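1. What shape does this take:
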Amino acid sequence: MDAQQAARIEAWLKENDGKTGKKGKEIKSNITDNESALMTTSHGSVQGYNGQVVVDAKHQVIVHGEVFGTGQDADLVPPMIDGIKETMEKNGHKDADEYFAGKIFTADSGYHNKDNLQKCVDEKMDAYIPDKWQRMRDSRYEEWRKQGKTSRTHFSHEDFIYHEEADEYVCPNGKVLRFATKHLVIKGTVYRAYRSREQDCCGCALRERCFTKKARSPKTKYLMFPIGSDGVNLTKLMVEKIDSEEGREIYSHRMEIIEPVFGNIRMNKHLDRFTLRGKIKVNIQWLLYCMVHNVEKIMNYGYGFA
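-> Numbering: from 1, shown residues only. Here you go, the predicted structure:
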């Protein structure tokens, strides 16, 4: 870094406030476009914006679109739902607060978290948002699971031996994981946890098979087993709902409803990247393409078809 670049960065830092993440801590800023986010894509990591839409199931009309400076979808259901309500109010729906009552709403597992599920409950929506383990429970993916087992390289819970009298687990390398806590709450689920000793894990020859690459240099191994729920467990209720025969049937249509919309904008309209900077400008660009998509729907089905 030369002196000119250093001076530019220093001046930028003086003029702009730090960027805060969802946990309230300051995160890395981008001096070119601080409202954008670093996102992981099929083409690697890119700096940009997350374009979101909500569409109707009948004709794939976009009822609300917006871009967000975040690489994750996990917190975006509330702002998108509120955006739709604002649109409905502008279109003359006086009962916008009851607009979603009883309506079916589907989203993929990337949107599954407590706040999103609670928003769906508050809006009285018939929501179907699976957790990330949905396919592992679905009998239709049995062959897929078998293939995963043959290629599995990391240890699972089944690889740890439980000793009931001592209430402890023994890892594949013969080290003991002792009881740590019986009331560890994560997203409304209560877990019973067992933990290894730091000295047993640090120099272990099987360490790479015990810890995933996503873990940040863990010093000890935890085994957690769900034993109950803390209050109303929205995740558990959603699991029961989406694993039902009716739930699987309803959710199976999600992809054919939403994915063609992104395919039309990306492939047919050639918006494979945003060409502007700043959330306001990028949002305008995204909404213009959403409007063109909707104009096509009006041409094909006529005005007032909804």
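
2. Run a quick neighbour tally on residue 95.
-> Close neighbours of residue 95, defined as other C-beta atoms under 10 Å, add up to 9. All C-beta atoms are positioned from the backbone trio N, CA, C, and that covers glycine.

3. can you check residue 84 too?
-> Residues lying near residue 84 (other C-beta under 10 Å) number 17.

4. what's the distance between it and residue 256?
-> For residue 84, the distance to residue 256 equals 21 Å [C-beta to C-beta, to the nearest Å].

5. cool, residue 4 as well?
-> Residue 4 sits at a distance of 53 Å from residue 256 (criterion: C-beta to C-beta).

6. remind me, longest helix of this protein?
-> Assignment by DSSP state H gives helix 279-301 as the longest helix of the chain.

7. the bottom helix or strand of the protein by mean pLDDT?
-> Least confident helix or strand of the chain, by mean pLDDT, DSSP states H and E, is helix 142-151 with a mean of 60.

8. Verify the contact between residue 71 and residue 41 for me.
-> No: assessed by C-beta atoms under 8 Å, residue 71 is found out of contact with residue 41, at 9.0 Å.

9. And the two? Which one has more around it.
-> Neighbour count, other C-beta under 10 Å: between residue 71 and residue 41, residue 71 has more, with 17 against 9.

10. Let's verify the closest residue to that one other than its chain neighbours: helix, strand, or coil?
-> Using C-beta to C-beta, 6 or more residues apart in numbering and skipping residues adjacent in sequence, the residue nearest residue 71 is residue 39, 3.6 Å away. What DSSP: H, G, I helix; E, B strand; the rest coil gives for residue 39 is strand.

11. Just the pLDDT at residue 39, thanks.
-> Looking at residue 39, its pLDDT reads 85.

12. measure residue 69 to residue 196 for me?
-> Counting by C-beta to C-beta, the gap from residue 69 to residue 196 is 39 Å.

13. Of those two, which one has the most company?
-> The residue with more neighbours, out of residue 69 and residue 196, is residue 196; 23 against 19, by other C-beta under 10 Å.

14. residues contacting that one?
-> By C-beta atoms under 8 Å, 6 or more residues apart in numbering, residue 196 lies in contact with 171, 175-177, 220-222.

15. what sits against the residue nearest to residue 71?
-> Residues near residue 39 by C-beta under 8 Å, 6+ apart: 45-48, 50, 71.

16. one more time with 7 Å
-> Neighbour list for residue 39: 45-46, 48, 50, 71 [criterion: C-beta atoms under 7 Å, 6 or more residues apart in numbering].

17. Weed out the non-buried ones from these.
-> The neighbour count (16 or more other C-beta atoms under 10 Å) marks 48, 50, 71 as buried among these.

18. Go ahead and confirm the second one touches residue 65.
-> No: judged on C-beta atoms under 7 Å, residue 50 makes no contact with residue 65 at a distance of 11.5 Å.

19. where exactly do the strands run in the stretch 101-250 of the chain?
-> Per DSSP state E, counting those that start in this stretch, the stretch 101-250 of the chain carries strands over the ranges 104-106, 126-128, 161-163, 168-170, 176-186, 189-195, 222-229.

20. looking at these, which is buried most?
-> Neighbour counts (mean count of other C-beta atoms under 10 Å) averaged over each of the strands of the stretch 101-250 of the chain peak at strand 126-128, with a mean of 19.

21. And residue 133, its phi and psi?
-> Torsion angles at residue 133 (phi, psi; degrees, to the nearest 10) stand at phi -100, psi 10.

22. That one and residue 254: what is the separation?
-> Distance, residue 133 to residue 254, by C-beta to C-beta: 17 Å.

23. Neighbour count: these two, which is higher?
-> residue 254 (17 against 11).

24. Distance check, the more buried one against residue 139.
-> With distances taken as C-beta to C-beta, residue 254 is found 19 Å from residue 139.

25. what's the nearest residue to residue 180 once chain neighbours are set aside in contact with, if anything?
-> Nearest residue to residue 180, sequence neighbours excluded (C-beta to C-beta, 6+ apart): residue 195, at 4.1 Å. By C-beta under 7 Å, 6+ apart, the contact list for residue 195 reads 177-178, 180, 220, 222.
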